[in-house]
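J.: here are the coordinates; sequence isn't available:
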């Protein structure tokens, strides 16, 4: 990082093993209406990475890789590597392989002790919460001189390649030298070879074929936007400027000839740069924030933090504006959008992991009953936040329905009905859309969709992307419903309007194949296989009870299940995988 970073890298006494705390020592100063929680007990943390289930992997500068889960820092490290942690050296970066934990590789960037020392990228196999087997070295970087400007950030791109931020080791000329990886952003395969189509691959010539972009001083952090793979690089400046650079293959960011705003020929200027006049010294953390968990004013912005400034701010790529969020943090070094949609930060100085949300952004409680009958809940768990729209579907195709929530255009999915973080996330839809889910293509796996203004937008995978199918059906104020009305294995669409159901037998634009009255204008429509015969039929929820039909025709309820309280949100699903649909409420 910058020269003043060495002094900022102070090692505090361990705070002790703690659970997540709402009012920790060294907490950030945040606006009214926001809430911070922390996990303490870390020693000089430097970087972090999330697994899809919410498990957090954190590097400590001294060589321990730690695991935090459900608000608690586990006592046993995932692994320890012998490292030179003098100055800005040490265990500096971590990334999880795409598909983790099925692909169980955990990648790290650290300084190998020696005379001279050098930085290395390796992976270790994960076996639960600890590493197993031997170290797999994929890159040994050149020998080091000074102890600063090491870089260390690791991220996998949406192209499946590993991107590596490497500092110029306090030698500015390295940043412009295409024969060395120092002062560069590298792009390599998961095994460390130069990735295909890298911009400076010269077929055996003098260039380092791993280079993707150059002219960087110390890219200690950078971020990859999950929706499209776009990269922003946080380049730590010298005495005057800190930069957020637009990640472009082949770009030259100008160091050491330029720093901060520039119109120099052949140089890619920063998207945003800020000076040190307010006590800032090093941009050390950045993350794209495609979430509304902090309110719509922060959605779509790029959060960044400064080591000496101790703050978190949010940059808008759209208009260049910057909003404040938090201050008073003890040397922040990393930021992440968590699977829960919250903003997480890592503080090197205070040894703290922080989580920032809106004050009312607390988990909701789901109460499930495996049969569509009156009785007590058979299970309960917490997931999501107030304002989320809950629904249950078979996300992994194993035959049972598990929870998901839709939050202002973002999906958070779990593969089990127990408390925990999201195991899958996707950006699809807009704020105000009504979510639906179903097996749109009869492949045995349910996927996401939204209803907006009389149109259904359906995806065939549970990943960020555009609609695979667009179906015009219904009116602007209708309530969408989905079910296998004819028992043929695929999910079809319906709408509920003022006590009338309109069903389609095909997921194509058209008029209703079936229409019948059931329920009233204030009822909430539901659909499920209430009697286990393989076909979906309709029902409605009125506060505290489900009124269910076994036929898609006008008539009276075949079953009335008293369950839940007024004010609850209803949901339904095959929770036990037996073929019959159960009932649930969320409060």
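T.: Okay, I see it. These figures come from a predicted structure and were not determined experimentally.
J.: buried residues of stretch 574-587, list them for me.
T.: Buried residues in stretch 574-587, counted by 16 or more other C-beta atoms under 10 Å: 574, 575, 576, 580, 581, 582, 583, 584, 585, 586. (Each C-beta comes from the backbone N, C-alpha and C, glycine too.)
J.: out of the residues you listed, which is nearest to residue 318?
T.: Distance ranking of the buried residues of stretch 574-587 against residue 318, using C-beta to C-beta, places residue 586 first at 34.0 Å.
J.: can you pull the pLDDT of residue 502?
T.: Among the per-residue scores, residue 502 holds a pLDDT of 97.
J.: what bridges to it?
T.: Per DSSP bridges, residues listed as beta-bridge partners of residue 502: residue 495, residue 515.
J.: hang on, it packs against residue 510?
T.: No: applying C-beta atoms under 8 Å as the test, residue 502 and residue 510 come out as separate, 10.8 Å apart.
J.: domain ranges for the protein, per the record?
T.: The domain map for the chain lists 4-358, 364-586, with the assignment taken from automatic domain parsing.
J.: could the buried residues of stretch 574-587 go into JSON lines alongside pLDDT, secondary structure and distance to residue 54?
T.: Converted to JSON lines, these look like this (pLDDT from 0 to 100; DSSP: H, G, I helix; E, B strand; the rest coil; distance: C-beta to C-beta, whole Å):
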{"residue": "574", "pLDDT": "96", "secondary structure": "coil", "distance to residue 54": "25"}
{"residue": "575", "pLDDT": "96", "secondary structure": "coil", "distance to residue 54": "21"}
{"residue": "576", "pLDDT": "94", "secondary structure": "coil", "distance to residue 54": "24"}
{"residue": "580", "pLDDT": "93", "secondary structure": "coil", "distance to residue 54": "30"}
{"residue": "581", "pLDDT": "95", "secondary structure": "coil", "distance to residue 54": "28"}
{"residue": "582", "pLDDT": "96", "secondary structure": "strand", "distance to residue 54": "25"}
{"residue": "583", "pLDDT": "96", "secondary structure": "strand", "distance to residue 54": "27"}
{"residue": "584", "pLDDT": "95", "secondary structure": "strand", "distance to residue 54": "22"}
{"residue": "585", "pLDDT": "94", "secondary structure": "strand", "distance to residue 54": "24"}
{"residue": "586", "pLDDT": "91", "secondary structure": "strand", "distance to residue 54": "19"}
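J.: got those as a markdown table, with distance to residue 350 columns?
T.: Formatted as a markdown table, these follow (distance: C-beta to C-beta, whole Å):
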| residue | distance to residue 350 |
| --- | --- |
| 574 | 46 |
| 575 | 42 |
| 576 | 45 |
| 580 | 52 |
| 581 | 49 |
| 582 | 46 |
| 583 | 46 |
| 584 | 40 |
| 585 | 40 |
| 586 | 36 |
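J.: quick one: which of these is nearest to residue 278?
T.: Of those, the one sitting nearest to residue 278 (C-beta to C-beta) turns out to be residue 586, at 44.3 Å.
J.: pLDDT wise, what is the residue nearest to that closest one when sequence neighbours are not counted at?
T.: In this structure, residue 586 finds its nearest non-sequential neighbour in residue 569, 4.4 Å apart by C-beta to C-beta, 6 or more residues apart in numbering. pLDDT recorded at residue 569 is 89.
J.: what do you get for residue 283?
T.: 98.
J.: show me where the stretch 401-550 of the chain has its strands.
T.: Remark: strands assigned in the stretch 401-550 of the chain by DSSP state E, counting those that start in this stretch are 402-407, 410-413, 424-427, 434-438, 447-452, 455-458, 469-472, 479-483, 492-497, 500-503, 514-517, 524-528, 537-542, 545-548.
J.: what do you get for the stretch 1-150 of the chain?
T.: Taking DSSP E, counting those that start in this stretch, the strands of the stretch 1-150 of the chain run over residues 34-39, 45-50, 56-60, 64-69, 72-73, 79-80, 91-96, 105-112, 118-127, 130-143.
J.: between those strands, which one is closest to residue 365.
T.: strand 34-39 (17.8 Å).
J.: packing partners for that closest one?
T.: Packing contacts for strand 34-39, counted by 3 or more C-beta pairs under 8 Å, 6 or more residues apart in numbering; DSSP states H and E, involve strand 352-358.
J.: pLDDT averaged over the strand it packs on - what is it?
T.: pLDDT averaged over strand 352-358 gives 92.
J.: partners of the very next helix or strand once past that strand in the sheet?
T.: Per DSSP states H and E, the first helix or strand lying C-terminal to strand 352-358 is strand 364-369. Paired neighbours of strand 364-369 in the sheet (DSSP bridges): strand 379-383 (antiparallel), strand 582-586 (antiparallel).
J.: these into a markdown table, with extra columns for distance to residue 162?
T.: Output for these, formatted as a markdown table (distance: least, C-beta to C-beta, whole Å):
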| stretch | distance to residue 162 |
| --- | --- |
| strand 379-383 | 32 |
| strand 582-586 | 39 |
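J.: tell me how far residue 170 lies from residue 147.
T.: Per C-beta to C-beta, to the nearest Å, residue 170 is found 8 Å from residue 147.
J.: repeat for residue 40
T.: Relative to residue 147, residue 40 is positioned 27 Å away (C-beta to C-beta).
J.: the more surrounded of these two?
T.: The neighbour count for residue 40 versus residue 147, taken as other C-beta atoms under 10 Å, is higher for residue 40 (22 against 18).
J.: how much space between that one and residue 330?
T.: 11 Å.
J.: with adjacent residues omitted, what lies nearest to residue 263?
T.: Distance criterion C-beta to C-beta, 6+ apart; nearest residue to residue 263, sequence neighbours excluded, is residue 269 at 7.0 Å.
J.: what's the neighbour count on that neighbour?
T.: 17.
J.: test my guess that it contacts residue 262.
T.: Yes: assessed by C-beta under 8 Å, residue 269 is found in contact with residue 262 at 5.0 Å.
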